[in-house]
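Engineer: only geometry, no sequence info:
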């Protein structure tokens, strides 16, 4: 599948460069995801814990090969990443139901992660903002994402950053935001 997008804002948060992940970034991206899963576990969350057992429901290596993963580097260090799907995954179909079955111009955001040494720099907020205004996708006009329904910090974070709460389904909160032109 051909991905049609244009990165509009290459540098975010002064020091971090946004780029499409390449196959040579795979190990760094997987390391970042495992680090994030470990941190979540240390905070008492089981979110992303399957990554620690070697299960990757998002097939991150495949997503990199397909061009769906974007990394944010400081020099050559992968400081953060996000998966932006131009076609809904099976998970998206489950959560968004009929909305995901329509060709309604949505991009689905998954696995926003920040290397812990860059936590509290605003990078997470900046990646979230970049995802809806620093990149343009042909024929796409809305960003969708979900998070665990009982994660108060995330359920407050997304509305603070312009996302509208859509609803809860199966214990997950869903949010969406129009792309900024």
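Structural biologist: Here it is on my side, so go on. Small disclaimer: the values here were computed from a predicted structure and weren't measured.
Engineer: tell me, how many residues neighbour residue 83?
Structural biologist: Using other C-beta atoms under 10 Å, residue 83 is surrounded by 23 other residues. Quick note: C-beta positions are derived from backbone N, CA and C, even for glycine.
Engineer: that one against residue 71, yeah?
Structural biologist: No: Residue 83 is beyond contact range of residue 71, at 10.6 Å (criterion: C-beta atoms under 8 Å).
Engineer: which residues do the two both contact?
Structural biologist: Contact criterion C-beta atoms under 8 Å, 6 or more residues apart in numbering; no residue bridges residue 83 and residue 71 by contacting each.
Engineer: helix or strand: which one has the closest residue to residue 174 other than its chain neighbours?
Structural biologist: Using C-beta to C-beta, 6 or more residues apart in numbering and skipping the chain neighbours, the partner closest in space to residue 174 is residue 166 (4.3 Å). Using DSSP states H and E, residue 166 sits within strand 164-169.
Engineer: which residues does the closest residue to residue 134 other than its chain neighbours contact?
Structural biologist: Distances taken as C-beta to C-beta, 6+ apart put residue 9 closest to residue 134, at 3.5 Å, once the chain neighbours are dropped. Residues in contact with residue 9 (C-beta under 8 Å, 6+ apart) are 18, 130, 133-135.
Engineer: quick one: least confident helix or strand in the chain?
Structural biologist: Least confident helix or strand of the chain, by mean pLDDT, DSSP states H and E, is helix 98-101 with a mean of 84.
Engineer: for it, buried residues please.
Structural biologist: For helix 98-101, the buried set under the neighbour-count rule, 16 or more other C-beta atoms under 10 Å, comprises 99-100.
Engineer: repeat for stretch 75-93
Structural biologist: Applying 16+ other C-beta under 10 Å to stretch 75-93 flags 78-86, 88-89, 91-92 as buried.
Engineer: against which helices or strands is the helix or strand following the least confident helix or strand of the chain packed?
Structural biologist: Next along the chain after helix 98-101, taking DSSP H and E as the criterion, comes strand 106-114. Judged by 3 or more C-beta pairs under 8 Å, 6 or more residues apart in numbering; DSSP states H and E, strand 106-114 is in contact with helix 26-42, strand 77-85, helix 90-96, helix 123-133, strand 142-148.
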